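# Test case, fold it:
(one chain, ligands or ions: 1)
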Amino acid sequence: MAHTHPHIPLRSFDPGASPEEASRRFAEIMRLRRTVRMFSDRPVSEETIRNVVAAAGSAPSGANKQPWRFVCVRDPALKKTIREGAEAEEREFYTRRAGPEWLADLQQFETTSEKPFLEIAPWLIVVFKLAKTDEGGHVYYVNESVGIAVGMLLCAIHHAGLVSLTHTPSPMGFLSKMLGRPEHERPYLLIPVGYPAEGCEVPVIEKKGLDEIMVLR
Ligand SMILES: Cc1cc2nc3c(=O)[nH]c(=O)nc-3n(C[C@H](O)[C@H](O)[C@H](O)COP(=O)(O)O)c2cc1C
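Predicted structure coming up:
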């Protein structure tokens, strides 16, 4: 086929099983993913973190602008500073910002303004979305693009046998300052990554059934 721009043949992925079998196995793996709030301080190698970020960086994005930055923090002093900043925002959240309904919705997770995992987890991946390209150009569908990339990051972390917490101390402006990020990078999510603490427990929650989330026409 004649192209106006360079193209190459698609390299396909062969799961080595039928689509039914491969998709069933993947769904089973994904059903084991849980948000964890009790982390071990057991180290995770830089190589592992590089691999999970590379998986995230393979995500689709509007016009392939890849409007994301993954700042991976392992420095204990910096993690401590981030913990202090997050806890200051969270204290405001729990005492003033969150309305009664939001607080009631959070009760089952037993979360408080205390965030020790921000120091205990061996890595904090701070995700920034780019309001412009690094060269000052336009970006498109930024929230959708970064959301997809983070979804892939969470899958990669889980697939590596590690756990994560999708954390949103709000507002997150303090992260830009602490991490010295430029103006066009906006904090998006703060994701501690590591191994679960021994005896780690997670809240009992329900996921909606397929009949609730899927419509077949
Ligand atoms: C965008 C987003 C923001 C979240 N923010 C927080 C948070 O700030 N603190 C927290 O403890 N959990 C947070 N969570 C985790 C959710 O509470 C958790 O995903 C939900 O309860 C479902 O549990 P599961 O991830 O184990 O399936 C967040 C999740 C998402 C997707």
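# Let me see the ranges of the helices in the chain.
Applying DSSP state H to the chain gives helices spanning 19-31, 46-57, 76-92, 100-106, 117-120, 142-159, 173-178, 210-213.
# Quick one: the ones you listed as TSV, columns for mean neighbour count, distance to the ligand and mean pLDDT too.
The way it works is simple: take the backbone N, C-alpha and C, and place the C-beta from them, glycine included. Shown next, in TSV, are the helices of the chain (neighbours: other CB atoms under 10 Å; distance: least, CB to the nearest ligand atom, whole Å; pLDDT from 0 to 100):
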stretch	mean neighbour count	distance to the ligand	mean pLDDT
helix 19-31	11	9	98
helix 46-57	16	15	99
helix 76-92	17	8	96
helix 100-106	10	8	93
helix 117-120	20	9	97
helix 142-159	19	8	98
helix 173-178	17	13	96
helix 210-213	8	14	98
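# Quick one: closest of these to R37.
Closest to R37 of the helices of the chain is helix 117-120 (CB to CB; 6.1 Å).
# How about residues contacting the closest one?
For helix 117-120, the surrounding residues in contact (CB atoms under 8 Å, 6 or more residues apart in numbering) are 37-41, 76, 79-80, 82-83, 86, 124, 165, 167, 190, 192, 194, 197.
# and if we set it to 7 Å?
37, 39, 41, 79-80, 82-83, 86, 124, 165, 192 (CB atoms under 7 Å, 6 or more residues apart in numbering).
# For that helix, output the C-alpha coordinates as PDB.
C-alpha atoms of helix 117-120 as PDB (Å, rounded to 0.1, in the frame of the first residue of the first chain):
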ATOM      1  CA  PHE A 117       3.800   4.200  53.500                       C
ATOM      2  CA  LEU A 118       5.200   7.200  51.700                       C
ATOM      3  CA  GLU A 119       8.500   6.600  53.600                       C
ATOM      4  CA  ILE A 120       8.300   2.800  54.000                       C
END
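# quick revisit: go through the contacts of helix 117-120 and name the one nearest G180.
Distance to G180 across the contacts of helix 117-120 (CB to CB) is lowest for I82, with 12.6 Å.
# In contact with that closest one: list those residues for me.
I82 makes contacts with 73, 118, 124, 175, 178, as judged by CB under 7 Å, 6+ apart.
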